[in-house]
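**Student:** coords below, sequence missing:
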Ligand SMILES: Cc1cc2nc3c(=O)[nH]c(=O)nc-3n(C[C@H](O)[C@H](O)[C@H](O)COP(=O)(O)OP(=O)(O)OC[C@H]3O[C@@H](n4cnc5c(N)ncnc54)[C@H](O)[C@@H]3O)c2cc1C
Ligand code: SF4
């Protein structure tokens, strides 16, 4: 008897649990570019091209290793689904008596494979995703009986578990977290390394033509495609980061510079999330750079915390809270997503740049996603479903397990404070401090009200006023309410009127 092992487009690693006991004589791999999966969101063209090309390269690697693979190339036909392909393979090979899959990163897909298995009356073995550093059960145990699920405490457990940056039981350097050193803005003389570019080979060129032809209406540009599409190329990108960027990563982690989309970030989320890179190897290479005195502790700790802390924590929250998490809307936000999120056509310079770079690169770094785009959507009260759809579509690293807790939890506070202890809301002053966007904007960041005032300024106070019943009791934000209460009635009226006028214009 034999197994049919389904390898999904974000599971491109030969060490994946579903392949651990693969028998090349009798078992079969199925990989597929499925119409519905590519079309169900307005996925960025570069995201589709990256995944199809990485899948085709992984298929070639499996074939070279003599794995029997059935690979379905994209066809513009919505009747071809995982179910139809599985059915076809089972009818062709009567020996197949079990489906095996590493747990998909999306609740919807787990349910879909369970349904397929029961409809086709074939057993299904869903295996733990061994590309993560904590299991779901470990996270659930950590979360049980805790009133608050703060990432920082989870991260400390992970540091101990993997003995990363530890001196016996203590954190190296005496502190767990060096974020207070990580809020600098680069001087005008600061050089930024060029993004590491991989040239497209014939496989990628074919995929780029396919995407141009089959997905013309999708968001984003295919120009200047330079992503890695194999594990060996992704390792080059990781090494380049460790060599040329990591030392400055911490200092400028929160900074945003006009026309510098890549900054000192690692640009490895595409590869981590698709299986081309593994989290522990990234962490260990960074730790080694610190031990070899090539990189500062604040940078190395900051980078490691993103992967060992945030990434694992976010995934834990997703599986802990799904499926209900999808429907949360604590602040009852109802506004539609402004249409300029699909075009970048707005006078707000910070938003214009972040959206335009997203359109070009299928990438924006964390602070752009959080404090410009996310902050704006929070202040405007945009509906979580629409915001989730946008973030899931436009970034090449976006999969529901990671996108949703960042959107629903971190930026929109739609989970009522599970992920964030307070809403990440701010006026224009934060953006002005951490970027140079404001100096080229048609709005004035220092003006609080009126047609030329920065909209973030009055939207911030209006957001607090609108959500007073839900937020006032939060200790971390109550001081803001005291400031608001001290404002004159005329000032409050101006805020409400400016906000109303701006929101109506969206
Ligand atoms: C609203 C919003 C949506 C986001 N959506 C996604 C998404 O769909 N996919 C995604 O991978 N990340 C997402 N993030 C997290 C983060 O912005 C990206 O991981 C990061 O920008 C990727 O770029 P990088 O590889 O250069 O990261 P770096 O800044 O170099 O960080 C290193 C790595 O740490 C991990 N990481 C850092 N922060 C987070 C986080 N908050 N959650 C999970 N992992 C993190 C990523 O794997 C990243 O590659 C989102 C953040 C926000 C605020
Ligand atoms: S002034 Fe306001 S809208 Fe303009 S770039 Fe600065 S923060 Fe953004």
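**Tutor:** Received, thanks. Note that the coordinates shown come from a computational prediction; the quantities given were computed from them, not determined experimentally. Residues are numbered from 1 along each chain as shown. Ligands and ions are numbered 1, 2, ... in the order given.
**Student:** ok, residue 329 - how many residues close by?
**Tutor:** 15 (other Cβ atoms under 10 Å). Where C-beta positions appear, they are placed from N, C-alpha and C, glycine not excepted.
**Student:** ok, it to residue 466 distance?
**Tutor:** Going from residue 329 to residue 466 by Cβ to Cβ, to the nearest Å gives 14 Å.
**Student:** do residue 472 as well
**Tutor:** Residue 472 sits 12 Å away from residue 466 when distances are taken as Cβ to Cβ.
**Student:** the two: who's more crowded?
**Tutor:** residue 466 (18 against 15).
**Student:** skipping its backbone neighbours, what lies nearest that one in space?
**Tutor:** Once flanking residues are discounted, residue 466 sits nearest to residue 381: 7.0 Å by Cβ to Cβ, 6 or more residues apart in numbering.
**Student:** now do the contacts for that neighbour.
**Tutor:** By Cβ atoms under 8 Å, 6 or more residues apart in numbering, residue 381 lies in contact with 331, 333, 334, 335, 463, 466, 503.
**Student:** distance to residue 347 and pLDDT added to these, as TSV?
**Tutor:** As requested, the contacts of residue 381 are exported to TSV (distance: Cβ to Cβ, whole Å; pLDDT from 0 to 100):
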residue	distance to residue 347	pLDDT
331	26	98
333	23	98
334	24	97
335	19	98
463	20	98
466	23	97
503	15	98
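**Student:** in strands, which of those appear?
**Tutor:** Members of the contacts of residue 381 lying in strands (criterion: DSSP state E): none.
**Student:** pick the one among the residues you listed closest to residue 264.
**Tutor:** residue 463 (31.1 Å; Cβ to Cβ).
**Student:** and that closest one, how many neighbours?
**Tutor:** Around residue 463 there are 22 residues (other Cβ under 10 Å).
**Student:** now do the same contact list for the closest residue to it other than its chain neighbours.
**Tutor:** Counting by Cβ to Cβ, 6+ apart, residue 463 lies nearest to residue 379, which is 4.6 Å off, once chain neighbours are set aside. Residues in contact with residue 379, defined by Cβ under 8 Å, 6+ apart, are 425, 456, 459, 460, 462, 463.
**Student:** anything in the longest helix anywhere in the chain near ligand 1?
**Tutor:** Criterion DSSP state H: the longest helix present in the chain is helix 45-64. No: shown here: helix 45-64 not in contact with ligand 1 (Cβ under 6 Å from any ligand atom), separated by at least 10.1 Å.
**Student:** next SSE downstream of that helix?
**Tutor:** Moving toward the C-terminus from helix 45-64, the next helix or strand (DSSP states H and E) is strand 69-72.
**Student:** what is the rounded mean pLDDT of that next one?
**Tutor:** Across strand 69-72, the average pLDDT comes to 98.
**Student:** what ranges do the helices span in the stretch 201-350 of the chain?
**Tutor:** Using DSSP state H, counting those that start in this stretch, the helices of the stretch 201-350 of the chain run over 202-214, 231-244, 246-249, 269-274, 279-291, 297-304, 312-321, 349-361.
**Student:** ok, now the stretch 51-200 of the chain?
**Tutor:** Under DSSP H, counting those that start in this stretch, the stretch 51-200 of the chain gives helices at 82-92, 107-120, 136-143, 151-162.
**Student:** would CSV of those with mean neighbour count be doable?
**Tutor:** Formatted as CSV, these follow (neighbours: other Cβ atoms under 10 Å):
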stretch, mean neighbour count
helix 82-92, 16
helix 107-120, 15
helix 136-143, 15
helix 151-162, 17
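**Student:** would you turn these into JSON lines with distance to ligand 1?
**Tutor:** Shown next, in JSON lines, are the helices of the stretch 51-200 of the chain (distance: least, Cβ to the nearest ligand atom, whole Å):
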{"stretch": "helix 82-92", "distance to ligand 1": "23"}
{"stretch": "helix 107-120", "distance to ligand 1": "15"}
{"stretch": "helix 136-143", "distance to ligand 1": "14"}
{"stretch": "helix 151-162", "distance to ligand 1": "9"}
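**Student:** residues from the stretch 251-400 of the chain in reach of ligand 2?
**Tutor:** Residues of the stretch 251-400 of the chain found near ligand 2 (Cβ under 6 Å from any ligand atom) are 348, 349, 350.
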